[in-house]
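Chemist: I would like to see how this sequence folds:
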Amino acid sequence: MAQAQYGDEVTVHYTGKLEDGTVFDTSIDQSPLKFIMGDGQVIPGLEKAILGMNPGECKTIKVPMDEAYGPRREEMLLVADRNEFPVHMKPEAGELVEMRHQDGRRITVTVIHISESSVTLDANHPLAGKDLTSDIQLLEIG
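Modeler: Purely as a prediction, here's the structure:
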């Protein structure tokens with residue numbers, strides 16, 4: 001039986017959980033995830049766990065933060081002048097805001113603090129700094 005290798009297109013079902021068991025994402029009851037092994041489309045820890053799996057195989061893995069979304073980085077906190085936001089926009093703590101990089105790329109940041117004169121934004125991935133657990137099932141290769 002074929003085992004998943006780098007370069008293969010694989011189809012998987014997954015459920016991602018935080019250490020306390022809270023589900024943050026799942027493909028169950030949805031379309032399965034399809035990607036090419038080695039293309040960097042999924043977190044390294046998930047890809048590493050799928051490597052060598054056979055179709056139909058299931059496993060539960062622990063993904064340390066370094067193989068998931070990395071550590072939280074303080075340099076990813078940004079403070080913007082309140083007047084840089086459109087007048088009609090009233091940012092609230094916890095809100096996700098889309099911004100445009102100088103090179104044109106769009107990034108999503110989280111509003112974490114608002115004062116009269118500034119808005120503090122967090123550009124870290126929401127799961128940065130967290131160890132994750134994933135239940136995975138390899139559905140097919142190719």
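
Chemist: Tell me which residues touch the residue of the chain most remote from its centre, please.
Modeler: Residue farthest from the centre of the chain, counting by Cα atoms, centre = their mean, is Glu116 at 31.7 Å. Contacts of Glu116 were listed using Cβ atoms under 8 Å, 6 or more residues apart in numbering, and they are Arg82. Yep, even glycine has a C-beta here, placed from its N, CA and C like the rest.

Chemist: those strands in this structure, which residues are they?
Modeler: Secondary structure of the chain (DSSP state E): strands at 9-18, 23-26, 33-36, 58-63, 77-81, 96-100, 106-114, 118-122, 132-141.

Chemist: Can you give me the distance of Met76 to His125?
Modeler: Counting by Cβ to Cβ, to the nearest Å, the gap from Met76 to His125 is 9 Å.

Chemist: same thing with Met99?
Modeler: Counting by Cβ to Cβ, the separation of Met99 from His125 is 15 Å.

Chemist: okay, these two: which has more neighbours?
Modeler: Using other Cβ atoms under 10 Å, the more surrounded residue of Met99 and His125 is His125, with 16 against 13.

Chemist: buried stuff in the one helix or strand in the chain whose mean pLDDT sits lowest?
Modeler: When the helices and strands of the chain are scored by mean pLDDT, DSSP states H and E, strand 96-100 comes last with a mean of 86. Buried residues in strand 96-100, counted by 16 or more other Cβ atoms under 10 Å: Val97.

Chemist: could I get that strand in PDB with only the CA atoms?
Modeler: What follows is strand 96-100, C-alpha atoms only, in PDB (Å, rounded to 0.1, in the frame of the first residue of the first chain):
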ATOM      1  CA  LEU A  96     -10.000  41.300  13.400                       C
ATOM      2  CA  VAL A  97      -8.900  44.100  10.900                       C
ATOM      3  CA  GLU A  98      -7.500  43.600   7.500                       C
ATOM      4  CA  MET A  99      -4.500  45.700   6.600                       C
ATOM      5  CA  ARG A 100      -2.300  46.100   3.600                       C
END
